[in-house]
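J.: Predicted model, plus sequence, below.
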Amino acid sequence: KAGVTQTPRYLIKTRGQQVTLSCSPISGHRSVSWYQQTPGQGLQFLFEYFSETQRNKGNFPGRFSGRQFSNSRSEMNVSTLELGDSALYLCASSSQGEGTEAFFGQGTRLTVV
Amino acid sequence: QKEVEQDPGPLSVPEGAIVSLNCTYSNSAFQYFMWYRQYSRKGPELLMYTYSSGNKEDGRFTAQVDKSSKYISLFIRDSQPSDSATYLCVVNVDTDKLIFGTGTRLQVFP
């Protein structure tokens, strides 16, 4: 069974640009969550999607948005990039979204210059 | 105050040692308590979870939760160099909104 796949693995963008990250969950999983990991703040919850609906949202500015498609694949978008957005962005999937069986991808390393 | 507090380490121990990793949390509403392990350049992977006070054992790993003092522990027996990683304590209510501690970096040397 294939794991959670995130693309691209690495990305370099310039301040002010926008970026879209992609996450393909484990087959059959309907919940996809996104996290930002930085050395200073650790892992912080961005948002969760379940069956194409945003079910939970963390404390991030509106520049961070996401969506989920009917096949459960999810995308995350960050607009007007800032230097502080440089981080590892992790996606996790689970079947029902109970939080006790979340499987993480390897992440997308975003560097904003 | 952060919702989950965890000593960042690093913790360096010799192979075969017993390792104790600890966290405290602030919100008594948290119902699920997990430990994730993250190797360098990898995503976190779930080690163990529990939803009640007490101990849960899985091989060399024992997770302990004390809800009355809001204290979470992970014990690793007979530690191996392959256990070298960052260990993250995680809490949540009942959704995929996981709240992570900052992680403790563990180094087990031969």
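T.: Cool, got the structure.
J.: what residues are up against B:P8?
T.: B:P8 sits next to B:102-105 when contact means C-beta atoms under 8 Å, 6 or more residues apart in numbering or on different chains. C-beta coordinates here come from the backbone N, C-alpha and C atoms, glycine included.
J.: One more pass at 10 Å, please.
T.: With contact set as C-beta atoms under 10 Å, 6 or more residues apart in numbering or on different chains, B:P8 has these partners: A:39, A:42, B:86, B:101-105.
J.: One more: A:C91?
T.: Going by C-beta under 10 Å, 6+ apart, A:C91 touches A:4-6, A:21-25, A:32-35, A:46, A:66, A:74-76, A:102-108, B:43.
J.: Of the contacts of B:P8, grab the buried ones for ChimeraX.
T.: Restricted to buried positions by 16 or more other C-beta atoms under 10 Å in any protein chain shown, the ChimeraX selection for those reads:
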select /A:42 /B:86,101,102,103,104,105
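J.: And A:S33, how far from B:S73?
T.: According to C-beta to C-beta, to the nearest Å, A:S33 and B:S73 sit 26 Å apart.
J.: So which of these two has more stuff around it?
T.: The neighbour comparison of A:S33 against B:S73 (other C-beta atoms under 10 Å in any protein chain shown) goes to A:S33, with 30 against 17.
J.: The more buried one reaches A:Y89, doesn't it?
T.: No - contact criterion C-beta atoms under 10 Å: A:S33 and A:Y89 do not qualify, at 11.3 Å.
J.: what sits in contact with each of the two?
T.: Common contacts of A:S33 and A:Y89, defined by C-beta under 10 Å, 6+ apart, comprise A:23, A:46.
J.: mind listing the helices for chain B?
T.: Per DSSP state H, chain B carries no helices over any range.
J.: near chain A, which residues of it show up?
T.: Where chain B comes near chain A, counting by C-beta under 10 Å from any C-beta of the partner chain, the residues are B:2, B:4, B:6, B:8, B:31-34, B:36, B:38, B:41-46, B:49-51, B:86, B:88, B:90-103.
J.: let's go with 6 Å and repeat that
T.: Counting by C-beta under 6 Å from any C-beta of the partner chain, chain B comes close to chain A at B:32, B:42-44, B:49, B:92, B:95-98, B:100, B:102.
J.: Mind putting those residues into TSV with pLDDT?
T.: Output for the residues of chain B next to chain A, formatted as TSV (pLDDT from 0 to 100):
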residue	pLDDT
B:Y32	88
B:K42	92
B:G43	94
B:P44	95
B:Y49	85
B:N92	86
B:T95	70
B:D96	71
B:K97	84
B:L98	89
B:F100	93
B:T102	92
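J.: top of those residues by neighbour count?
T.: B:P44 (28 neighbours).
J.: For chain A, give me its nearest residue in chain B.
T.: B:G43 (3.4 Å; C-beta to the nearest C-beta).
J.: ok, and the closest non-adjacent residue to that residue?
T.: A:F104 (3.4 Å; C-beta to C-beta, 6 or more residues apart in numbering or on different chains).
J.: Where does pLDDT dip in chain B?
T.: Along chain B, segments meeting pLDDT under 70 span B:94.
J.: re earlier: quickly check the residues of chain B next to chain A for the two that are furthest apart.
T.: B:K42 and B:T95 (24.2 Å; C-beta to C-beta).
J.: hmm, back to that, correct me if wrong: the residue nearest to B:G43 contacts B:P44.
T.: Yes - applying C-beta atoms under 6 Å as the test, A:F104 and B:P44 come out as touching, 5.0 Å apart.
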